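*Asks:* Generate coordinates for the sequence data below:
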Amino acid sequence: MKIALIGQSEFGKCVLEALAENGKDKIVGVFAPPTKTDKEQDPIYNAAKKLHLPIFGFQRLRDQKAISQFKSLEPELCVMAFVTDIVPMEIIQYPNLGTIQYHPSLLPLHRGPSSINWPIINGETETGLTIFWPDDGLDTGPVLMQKKVSIAPDATLGSVYFNKLFPLGVKAMVESVDLIRDGIAPRIAQDETKATYESWCKPSDVLVNWSSETNKVFNMIRGSDPQPGANTTYFGQKIYMFGAGHSSYNPSKQSPGTILEIGVEKIVVACSDGSISIGRIRQDGGKKISATEWAEKINLKVGDVLGS
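*Replies:* Residues are numbered from 1 along each chain as shown. Model prediction:
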């Protein structure tokens, strides 16, 4: 088959390399994000260059120049691997074998751009990935393939993605292309009665209320680690928290948000019904450092209260 690939970042790069290594199809063009002045090339750009493939970088795939360029390649299949731009239906519907896209959730659950964050924040124990045939809705097209993964009790956004959904997603994309080539790729309609949608997970969505239950706070921190970072304040200064863990420290009658312990590798904070440990802190505009280093830097003391 003649394949056009639209993608970016490490995931798009790895999908491109896997399809090239598979060696069963001809990649006629790679559509990568345009390079910004004084910025490094996107990883997919460098991979395509190394493979001596045609590379195209348009500011907007909706522009007629991008659409015309795509059509001129006469692809039989379009593969979308981590795409944040809006891809017009003129591109999606052009290849005679269609277009497939990767989405890191078990559609129709968790449609939207932060589909890995929310299952963890919600305390769910399972998620997965979907390869689907995009249509003119948002993550609403028929399903080609799904793969489930478990969410460990202490898993973070980063560990679920990089250890599970990333490598499994690359393999699923290659498997899906094989099914299409063999003429046996399914198109299973999504069950709209089970559909959920969440928008971007923003810092304002993960502002910690220390009066909440310990598990709710813990899930919020790990579900936004490393991005966007659950946050609180200390004397009006916003701080972002990472590396959360359960703590056996009994807060007794301490107010929620109270610093209970400043350890060698963590600080411990009281919640309404228990306490959690925090391993790393990033002050607004700064870099991540150990929570202990941050405590020393600002002269934090046991008994101080976060959320102030």
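*Asks:* Can you point out the helix or strand that includes Tyr240?
*Replies:* In the assignment (DSSP states H and E), Tyr240 maps to strand 237-247.
*Asks:* Show the average pLDDT along that strand.
*Replies:* Average pLDDT, strand 237-247: 96.
*Asks:* Stretch 181-188 too?
*Replies:* For stretch 181-188, mean pLDDT is 98.
*Asks:* And for Gln101, the neighbour number?
*Replies:* By the criterion of other CB atoms under 10 Å, Gln101 has 24 neighbours. For glycine as for every other residue, the C-beta is placed from the backbone atoms N, C-alpha and C.
*Asks:* what does the domain assignment say about the protein?
*Replies:* 2-194, 203-298 (automatic domain parsing).
*Asks:* how far does the longest one stretch from start to finish?
*Replies:* What it means is domain 2-194. 35 Å (CA to CA, to the nearest Å).
*Asks:* go on, the last one?
*Replies:* End-to-end span of domain 203-298 (CA to CA): 23 Å.
*Asks:* Name the SS class of Asn219, please.
*Replies:* The three-state label given to Asn219 by DSSP: H, G, I helix; E, B strand; the rest coil is helix.
*Asks:* ok, it to Asp154 distance?
*Replies:* 10 Å (CB to CB, to the nearest Å).
*Asks:* which one of these two has more residues nearby?
*Replies:* For Asn219 versus Asp154, neighbours defined as other CB under 10 Å are more numerous around Asn219 (22 against 11).
*Asks:* What is the burial count for the nearest residue to that one once chain neighbours are set aside?
*Replies:* Ranked by CB to CB, 6 or more residues apart in numbering and with sequence neighbours excluded, the top spatial neighbour of Asn219 is Gly123, at 4.8 Å. Gly123 has 15 neighbours, counted by other CB under 10 Å.
*Asks:* Please settle this for me: is Gly123 part of a strand?
*Replies:* No - going by three-state DSSP, the assignment for Gly123 is coil, not a strand.
*Asks:* Can you tell me which helices and strands the strand holding Tyr240 packs against?
*Replies:* Contact here means 3 or more CB pairs under 8 Å, 6 or more residues apart in numbering; DSSP states H and E; on that basis strand 237-247 packs against helix 214-223, strand 230-234, strand 275-283, helix 291-298.
*Asks:* can you do 10 Å?
*Replies:* Here strand 237-247 touches helix 214-223, strand 230-234, strand 267-270, strand 275-283, strand 288-290, helix 291-298, going by 3 or more CB pairs under 10 Å, 6 or more residues apart in numbering; DSSP states H and E.
*Asks:* and the residue lying farthest from the centre of the chain, helix, strand or coil?
*Replies:* Most distant from the centre of the chain: Lys253, at 38.4 Å, with distances by CA atoms, centre = their mean. Assigned by three-state DSSP, the conformation of Lys253 is coil.
*Asks:* Before we move on, what's the pLDDT of it?
*Replies:* Here, the pLDDT recorded for Lys253 equals 81.
*Asks:* How about the contacts made by Lys71?
*Replies:* Counting by CB atoms under 10 Å, 6 or more residues apart in numbering, Lys71 touches Ala4, Glu90, Ile91, Tyr94, Pro95.
*Asks:* From Val143, how far out is the spatially most central residue of the chain?
*Replies:* Central residue of the chain (CA atoms, centre = their mean): Ile116, 5.4 Å from the mean position. Look at Ile116 and Val143: by CB to CB, they are 18 Å apart.
*Asks:* thinking again about what came up before, roughly how far apart are the residue nearest to Asn219 and Lys216?
*Replies:* Distance of Gly123 to Lys216, computed by CB to CB: 8 Å.
*Asks:* Quick check: neighbours shared by these two?
*Replies:* Residues touching both Gly123 and Lys216 (CB under 10 Å, 6+ apart): none.
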